[in-house]
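> give me coordinates for this.
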Amino acid sequence: MGQRKPQRRLERGLDHRQQEDRGLHDPARCPDQPLSGYIENIRRKLEQDFSNSPVATINHLQVREYPADKRCASIHLRLELRQPAADGQRQWAEQYTLSCGSPRYADVGYELRYYHRYTDAHRDPNLQAKAEQVLGSMRIEED
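Here you go, the predicted structure:
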């Protein structure tokens, strides 16, 4: 029996909500060796995607190697939405992501995201701790 290959995600032409739903970069494109090249590709893709976005601007972006698993990139992205909330407050979309290569298959990747959308008055001060708890529980097991 042959292995099924994952389908690549096409990001071009997707609106902001579709990018959130599908991931902001292509997790099927697994980490290059060295991981620094993969990290730079993620950073460059996110910056390009939001450089002229009518929906949001990047307020904070950090992409680095994930210390607990050297096959993974850790991403922290905070977007400021251009459209204020109904009450006039700024709106934010913030996420913590792990993007990892498969230990067995060179063309397979995994992505796990912890995401929160909020206004200034409803920011969760424990968001990072909650995200780290969830992301830290990830285990990639393949048969």
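> and Glu80, its phi and psi?
When read as degrees, to the nearest 10, the backbone of Glu80 gives phi -100, psi 120.
> now do the same for it: its pLDDT.
On pLDDT, Glu80 comes in at 98.
> distance of it from Ala86?
Distance of Glu80 to Ala86, computed by Cβ to Cβ, to the nearest Å: 17 Å. In short, each C-beta sits where N, CA and C put it, glycine included.
> more crowded one of these two?
Glu80 (14 against 8; other Cβ atoms under 10 Å).
> mind checking how far Arg113 is from Pro34?
Using Cβ to Cβ, one obtains 24 Å as the distance from Arg113 to Pro34.
> no, scratch that, I was asking about Pro103
Remark: distance between Pro103 and Pro34 (Cβ to Cβ) = 17 Å.
> next: Leu46.
From Leu46 to Pro34 the distance is 20 Å (Cβ to Cβ).
> ok, and the helix or strand in the chain with the lowest average confidence?
helix 16-22 (a mean of 43; mean pLDDT, DSSP states H and E).
> tell me, what's the model's pLDDT at the residue nearest the centre of the chain?
For the chain, Thr97 is the residue whose C-alpha lies nearest the centre (Cα atoms, centre = their mean; 4.4 Å). Note on Thr97: pLDDT of 97.
> what's the residue nearest to it when sequence neighbours are not counted in contact with, if anything?
Of all residues not flanking Thr97 in the chain, Ile75 sits nearest, at 4.1 Å (Cβ to Cβ, 6 or more residues apart in numbering). Contact analysis of Ile75 by Cβ atoms under 8 Å, 6 or more residues apart in numbering lists 42, 46, 61-63, 95-99.
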